[in-house]
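Engineer: Take a look and give me a structure for this.
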Amino acid sequence: MEKSIEELMADLRTAQLGVKKAADREAHADRLVRLHVATHEGAHFGNWGCDDSPTKVCVYNDLRDPMHDSCIFCDGPEERK
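Structural biologist: Next up is the predicted model:
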């Protein structure tokens, strides 16, 4: 028995939601790994807001980026004009 268009559309929405949830989990895991690496290598927590960071502020890697030119999450510099 073939599915109706409504059933097919519901299946599509379910699949799309599953893909979005997987992408969200991957992005969250990536942010946590970046924070863990930076923390163990000498993290500097900046003052700028950063929606990509789990701490919601920019984080700089003191060992790899002593001038704090690039947040490990959003790539924003610490000094902004």
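Engineer: Parallel or antiparallel, which strands does the strand ranked longest in the chain pair with?
Structural biologist: Counting by DSSP state E, the longest strand found in the chain is strand 43-49. Strand pairing for strand 43-49, using DSSP bridges, gives strand 57-61 (antiparallel).
Engineer: For the strand it pairs with, which outside residues touch it?
Structural biologist: Residues from elsewhere that reach strand 57-61 (CB atoms under 8 Å, 6 or more residues apart in numbering): 34-35, 37-38, 41-50, 53, 68, 70-74, 76, 78. The way it works is simple: take the backbone N, C-alpha and C, and place the C-beta from them, glycine included.
Engineer: ok, residue 56 touching residue 50?
Structural biologist: Yes. The pair residue 56 and residue 50 passes the contact test of CB atoms under 8 Å, sitting 6.4 Å apart.
Engineer: picking up where we left off before, mark which of the contacts of strand 57-61 are buried, thanks.
Structural biologist: Buried by 16 or more other CB atoms under 10 Å: 34-35, 38, 43, 46, 50, 53, 68, 70-73, 76, 78, out of the contacts of strand 57-61.
Engineer: From these, which shows the smallest pLDDT?
Structural biologist: Ranked by pLDDT, the buried ones among the contacts of strand 57-61 bottom out at residue 38 (74).
Engineer: For the helix or strand containing that one, which helices and strands make contact with it?
Structural biologist: Here residue 38, judged by DSSP states H and E, is contained in helix 5-41. Judged by 3 or more CB pairs under 8 Å, 6 or more residues apart in numbering; DSSP states H and E, helix 5-41 is in contact with strand 57-61.
Engineer: How about the strand it packs on, which residues are buried there?
Structural biologist: 58-61.
Engineer: Report the separation between the residue of the chain positioned farthest from its centre and residue 7.
Structural biologist: Outermost residue of the chain with respect to the C-alpha centroid, by CA atoms, centre = their mean, is residue 1; its distance is 43.1 Å. Note on residue 1: its distance to residue 7, by CB to CB, to the nearest Å, is 10 Å.
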